[in-house]
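Undergrad: Give me the fold of what follows.
(one chain, ligands or ions: 1)
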Amino acid sequence: MKKIISGEHIVKTFGEGAERRRVLDGVTVDINEGEFVAVMGPSGSGKSTLLFALSGTDNVDGGKVVFDGKDLSELGEKELADMRRRQMGFVFQQPTLLRNLNILDNIVLPSMRDNRKNAAQITKKARMLMARTGIAELEKRDITQVSGGQLQRAGICRALMNSPKIIFGDEPTGALNSKSGQEIMDLLTEINADGTAVMLVTHDAQVAARTERIVFMRDGQIVSELKLPRLGGADLDGRVEAVTEKMREIGI
Ligand SMILES: Nc1ncnc2c1ncn2[C@@H]1O[C@H](COP(=O)(O)OP(=O)(O)OP(=O)(O)O)[C@@H](O)[C@H]1O
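TA: The predicted model follows:
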């Protein structure tokens, strides 16, 4: 299996003087191409910080992150920004879409900024993704005129515009009701089945149970891992049970 990300002994500190804290305390973790990984752990254990470190959103204070063979600390600001834009997609709890643009314009905006000449192709791709994610009829709607689940689908379309190698999701279902949350997970599972790696931070055992590897954090360190077979449709309940059992075991 080829690694897409390799994090080696990552250290991240916040604060100064007596307040200084190691939020990531020597984390070593790899993500393979096409893998589906969840990160779980108590609040404040460093899950989001790890996601930001692995995606080059934040720099690290020790150790290194290698993405697609490149040490992120050796890239210039522009190179890093290009790599993030071209190869990574981001889905957050609340998609950061602009209020004065409709759904379609929000989805195409980052790609248009990148490459205005291909406007027709970009719009075609956005429409294809919107059809695939079930929001084709909403393209002219303002972002205040759609549901939370539909908004998250739009966020996923935007994240997929550049056909990234990996989608990073920080609690992508956290703001949704359980039905919409499940639909979003169905979508991410499909995207992963097509070969895109997915790394999710989640508190939800139902979400984590759909992935194939769960990394458990505590106090800035990885304390355990759970591997599951790739989800083949059946026995989600058994998987959720395995995740909750593990959470109990390590006291989350
Ligand atoms: N920019 C920052 N400045 C100072 N402290 C920070 C910063 N970002 C995160 N922290 C601190 O680092 C610790 C880990 O934060 P992080 O958001 O990674 O935790 P988490 O496991 O994702 O938590 P949650 O599940 O609550 O989202 C927390 O104590 C947090 O307050």
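Undergrad: Enumerate the residues of the stretch 1-150 of the chain near the ligand.
TA: 14-15, 23, 41, 43-49 (CB under 6 Å from any ligand atom). Where you see a C-beta, it was placed from the backbone N, CA and C, and this is true even at glycine.
Undergrad: Out of the residues you listed, give me the two with the largest separation.
TA: Using CB to CB, these span at most 19.8 Å, a distance reached by Gly15 and Gly41.
Undergrad: Those two: who's more crowded?
TA: Under the criterion of other CB atoms under 10 Å, the comparison of Gly15 against Gly41 puts Gly41 first, with 25 against 10.
Undergrad: Do I have it right that that one meets Ile214?
TA: No. Gly41 is beyond contact range of Ile214, at 10.0 Å (criterion: CB atoms under 8 Å).
Undergrad: per-residue confidence averaged over the host helix or strand of Gly7?
TA: Counting by DSSP states H and E, the element that carries Gly7 is strand 3-14. Taken as a whole, strand 3-14 has an average pLDDT of 97.
Undergrad: picking that back up, filter the residues of the stretch 1-150 of the chain next to the ligand down to the buried ones, ChimeraX style.
TA: The following ChimeraX line selects those of those that are buried, judged by 16 or more other CB atoms under 10 Å:
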select :23,41,45,46,47,48,49
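Undergrad: taking the residues of the stretch 1-150 of the chain next to the ligand one by one, which sit in strands?
TA: Residues of those located in strands (DSSP state E): 14, 23.
Undergrad: Go through the residues of the stretch 1-150 of the chain next to the ligand and say which is closest to Ser111.
TA: For these, the nearest to Ser111 is Ser48 (25.7 Å; CB to CB).
Undergrad: quick one: contacts for that closest one?
TA: Contacts for Ser48 (CB atoms under 8 Å, 6 or more residues apart in numbering) come out as 170, 201.
Undergrad: Quickly note the distance from it to Asn59.
TA: Ser48 sits at a distance of 15 Å from Asn59 (criterion: CB to CB, to the nearest Å).
Undergrad: Can you pull the poorly scored residue ranges out of the chain?
TA: For the chain, applying pLDDT under 70 flags the ranges 116, 233-234.
Undergrad: Please tell me I have it right and Leu200 contacts Gly169.
TA: Yes. The pair Leu200 / Gly169 is scored as a contact, 4.3 Å apart, by CB under 8 Å.
Undergrad: Can you check which residues contact both of the two?
TA: Leu188.
Undergrad: Looking at this structure, which helix is longest?
TA: Longest helix of the chain, by residue count under DSSP state H: helix 178-193.
Undergrad: what does that helix rub up against?
TA: Outside helix 178-193, the residues touching it (CB under 8 Å, 6+ apart) are 34, 36, 91, 133, 147-149, 152-153, 156, 160, 167, 169, 172-173, 176, 198, 200, 204, 206-207, 210, 231.
Undergrad: can you pull out the strands in the stretch 51-200 of the chain?
TA: Secondary structure of the stretch 51-200 of the chain (DSSP state E, counting those that start in this stretch): strands at 62-67, 70-71, 88-92, 166-170, 197-201.
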